[in-house]
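Trainee: Okay, predicted coordinates and the sequence, questions at the end:
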Amino acid sequence: MGTLPRSLRVLDLPRCRQFNHLLGCLPLALRELRLGAAFNQPLLHAPLPAAQGQQAAAQALCAGLAAEPLQPPPDTLVRLPETLTELHVGEAFDHPLGPLPESLTELQVGGCSGDSCFSHALGPLPAALRILDLGVCAAYNHALYGLPDTLRSVCLGHMGDQPLLHFPARLEVLALGDSFDAALPAVLPRTLRELYLGNRFNAPLTLPPGLNLLAIGDRYPHRLDLAALPLKKLYLRVGRCSCDCCFSHALGPLPAALRILDLSTCAMYNHALSSLPDTLRELRLDSDFDQPLPQLNACLEVLALGDAFDAALPAVLPRALRELHWGNGFNAPLTLPPRLKVLTIGISYTHRLDLAALSLKELRVGRSYANALPPLEVLTLSSGGYMRLNLTLGALPHSLETLDTTCFANFSSALGQLPESITCLNLGASFNQALEALPAALTELRIHNGTPWGNCSFNKPLGTVPPSLRTLDLDQCCRFNHLLGRLPRTLRKLRLGAAFNQPL
């Protein structure tokens, strides 16, 4: 990177996925340092072995600022400045971190694209630390001693199973890793408002009275008294190594303030729900749930049904409903509420819906629905699981702005004449047709399989690239190796696959 400006306060490189170079001498004014997934160079807060030596080195460095420009020092002198308040390191980083600057308030290890390799004990934590996030550290399994009283949020790594004997009195967020199975202290901090239980945690628990969010791991077997809590969000969720959540107890009366009830991954949950609180805004049910629904409250905005649900829905759905998703087993006539914006039609649904009367923005439609499509902004095609089938697109609505086939794993038909209104085009893993007559207004073109990994089949010349294109993402097109032609001045993001070897 060369010499960094002495006044630099923020160095933000999280999207630099291949950057892995020594940083050199970091400016003493630096407050925030965020590094990308590939970075794996030492970050030493202590350039000299003793604390006195650390202070002397810092003073000498400050004195030398005016005399000569900073030069990249030897590896042993790369250091974190005392002024640093935020430090984020990426997935590849696996060097000791300590002692950390006393001014540090936020430490995050790992990003969002995969497990972190970090495996070193942290040692004493800075007295000012407020956020400790080890949530994606797959190799970290060390005891945390002396958590500072300033801590407000603690997220443990996936493999962390060391007992937690003491919590800061004002802790607000606690997220346990999937391997954590030790008992928690009998009394949790009264300030705790969010609690995430890992998939192995199965000890009886007394919940603090101010809890707003509770996520129950997939092995939790105990009944919980939720009615007295001010819960707003309740999730029954699966762990990272599991397919389904095992929680199977009836929930009983629901908290009066509950806003979100998410049972979407609980394959063993099939109990009738008690009356829904008037505050509920989102209700998501699991794949095996087939109980009749209680009266839906008037303010419900999101309703998602699993594949097993085949009972009739109420004749009149809540007018506030803006998202409705039903599974592959539902096939009953239905009157849709007028404010609906997002609709998922399961693969078995055959009844005609009056879609033209709605102002839908997004429609996910299964293979059995054979009726006309209304004006849309987003159309997603779904094949339902891994079934080997394909379809040919007919005439598309002239209002369509987004066409997404990534959920239709085997879609490989030619697109034909696309509406000129389309600005976003997402194509899936099997698509391998020529893209010649793209809409002139297109701003995003992505060919991917809907996950951060995997490969796509596309290997055709692009032809003329639309003049307004801002994003061209062929990162998963592992065979694509064609000249791109003239790229528009509007282009902001260009991602190319492993086989691409043409001049740019």
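Mentor: Perfect, I can see it now. Numbering: from 1, shown residues only.
Trainee: which is the next helix or strand following the lowest-mean-pLDDT helix or strand in the chain?
Mentor: Across the helices and strands of the chain, mean pLDDT, DSSP states H and E gives its lowest value to helix 51-64, namely a mean of 40. Counting by DSSP states H and E, the element after helix 51-64 in chain order, helix or strand, is strand 86-89.
Trainee: For that next one, which outside residues touch it?
Mentor: Counting by C-beta atoms under 8 Å, 6 or more residues apart in numbering, strand 86-89 makes contact with 14, 31-35, 39, 43, 80, 97, 100, 104-111, 118, all of which sit outside it. To be clear about C-beta, it is placed using only N, CA and C from the backbone, and glycine gets the same treatment.
Trainee: The residues you listed in strands, which ones?
Mentor: Assigned to strands by DSSP state E, the following of the contacts of strand 86-89 qualify: 32-34, 106-109.
Trainee: out of the residues you listed, which is most surrounded?
Mentor: Using other C-beta atoms under 10 Å as the neighbour test, these are led by Val109, with 26 neighbours.
Trainee: wait, what's in contact with the closest residue to that one other than its chain neighbours?
Mentor: Nearest residue to Val109 in three dimensions, chain neighbours excluded: Phe118, at 4.8 Å (C-beta to C-beta, 6 or more residues apart in numbering). Under the criterion of C-beta under 8 Å, 6+ apart, the contact partners of Phe118 comprise 89, 93-94, 109-110, 134, 137, 139-140.
Trainee: for Pro27, same thing?
Mentor: Pro27 makes contact with 4-8, 70, 81 under the criterion C-beta under 8 Å, 6+ apart.
Trainee: Reformat the ones in strands among the contacts of strand 86-89 as CSV; add distance to Cys299 and pLDDT.
Mentor: Conversion of the ones in strands among the contacts of strand 86-89 to CSV gives the following (distance: C-beta to C-beta, whole Å; pLDDT from 0 to 100):
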residue, distance to Cys299, pLDDT
Glu32, 40, 95
Leu33, 44, 94
Arg34, 39, 93
Glu106, 36, 96
Leu107, 40, 94
Gln108, 36, 93
Val109, 40, 91
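Trainee: any idea which of these is closest to Lys233?
Mentor: When the ones in strands among the contacts of strand 86-89 are compared for distance to Lys233 (C-beta to C-beta), Gln108 wins out at 22.5 Å.
Trainee: Farthest-apart pair in the contacts of Pro27, please.
Mentor: Considering C-beta to C-beta, no two members of these lie farther apart than Pro5 and Pro81, which are separated by 13.4 Å.
Trainee: The two: which has the busier surroundings?
Mentor: Just comparing Pro5 and Pro81: by other C-beta under 10 Å the higher neighbour count belongs to Pro81, 18 against 9.
Trainee: contacting residues for the more buried one?
Mentor: By C-beta under 8 Å, 6+ apart, the contact list for Pro81 reads 26-30, 101.
Trainee: Asp473 against Arg492, yeah?
Mentor: No: under the contact definition of C-beta atoms under 8 Å, Asp473 does not touch Arg492, with a separation of 11.3 Å.
Trainee: of those two, who's got more company?
Mentor: Ranked by neighbour count (other C-beta under 10 Å), Asp473 and Arg492 place Asp473 first, with 17 against 9.
Trainee: who touches the residue nearest to the more buried one when sequence neighbours are not counted in this structure?
Mentor: Beyond its immediate neighbours in the sequence, the residue positioned closest to Asp473 (C-beta to C-beta, 6+ apart) is Arg446, lying 4.2 Å away. Residues near Arg446 by C-beta under 8 Å, 6+ apart: 425-427, 471, 473.
Trainee: Would you format the residues you listed as CSV with distance to Leu317 included?
Mentor: What follows is these, written out as CSV (distance: C-beta to C-beta, whole Å):
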residue, distance to Leu317
Leu425, 32
Asn426, 29
Leu427, 33
Thr471, 37
Asp473, 37
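Trainee: Sweet, I'm off.
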